[in-house]
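# Sequence and predicted structure are below.
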Amino acid sequence: MSSAPLAVTQRLGYLLKHAQLRLAELAEPLYAPLGVTGRQLALLTLFGDGPARSQQDGAARLGVDRTTMVALVDELEAKGLVRREVAPGDRRKRLVLLTPEGERVREAGAEVTRKAEALLLEPLSAEDAERLRAALHQVVRAE
């Protein structure tokens, strides 16, 4: 861990933050060959899952402001991973769709993410890793 006092390192907020930082530390180098960051991959996952979503819907689902979402989608569009289309029936709304290359990167990124998560959870037994996932899922769903 770190040289922080035990009273700090036992706090749930500290543990969750540092677990997330460790996961990013493991995952980002694996994402680099795909030409994306973890944040960009999250967007590809969001926009590639199910029916086409608008930028505004994506922003709401990820809890980011619309201006930030536009900039993030701009990055993906510049890389040729997504394209925008006018929504049928609402010319003001822009749908974000994955290109074939975006779909390829999304699929490869899902595999890389599984590898990074496995590395993070390696110190745990399979049962403990599953219990951790289930417990975190339960906590997050309680929002």
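Cool, the structure landed.

# Name the residues of stretch 17-34 that come out as buried.
Neighbour-count burial for stretch 17-34, counted by 16 or more other Cβ atoms under 10 Å, picks out 23-24, 26-27, 30-31, 34. (Glycine included, C-beta is placed from N, CA and C.)

# For the lengthiest helix in the chain, give the mean pLDDT please.
Criterion DSSP state H: the longest helix present in the chain is helix 100-121. Average pLDDT, helix 100-121: 96.

# Would you confirm that Ile106 contacts Leu97?
Actually, residue 106 is Arg. It isn't Ile. No - applying Cβ atoms under 8 Å as the test, Arg106 and Leu97 come out as separate, 11.9 Å apart.

# which regions of the chain sit below the pLDDT cut-off?
Flagging of the chain using pLDDT under 70 yields the residue ranges 1-2, 143.

# Quick one: the helices in it, in order.
Under DSSP H, the chain gives helices at 6-9, 12-31, 38-48, 55-62, 66-78, 100-121, 126-141.

# got the angle between the fourth one and helix 38-48?
In this structure, helix 55-62 runs at an angle of 120 degrees to helix 38-48, with axes from the mean of the first three to the mean of the last three Cα atoms, to 10 degrees as the basis.

# and helix 55-62, which residues are buried?
Here helix 55-62 shows 55, 57-59 as buried, counting by 16+ other Cβ under 10 Å.

# Dump that helix to PDB, restricted to CA.
Taking C-alpha atoms only, helix 55-62 is exported to PDB below (Å, rounded to 0.1, in the frame of the first residue of the first chain):
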ATOM      1  CA  GLN A  55     -24.500  12.100 -27.000                       C
ATOM      2  CA  GLN A  56     -26.900  13.500 -24.400                       C
ATOM      3  CA  ASP A  57     -28.100  10.100 -23.300                       C
ATOM      4  CA  GLY A  58     -24.400   8.900 -23.100                       C
ATOM      5  CA  ALA A  59     -23.500  12.000 -21.000                       C
ATOM      6  CA  ALA A  60     -26.400  11.300 -18.600                       C
ATOM      7  CA  ARG A  61     -25.600   7.600 -18.300                       C
ATOM      8  CA  LEU A  62     -21.900   8.300 -17.500                       C
END
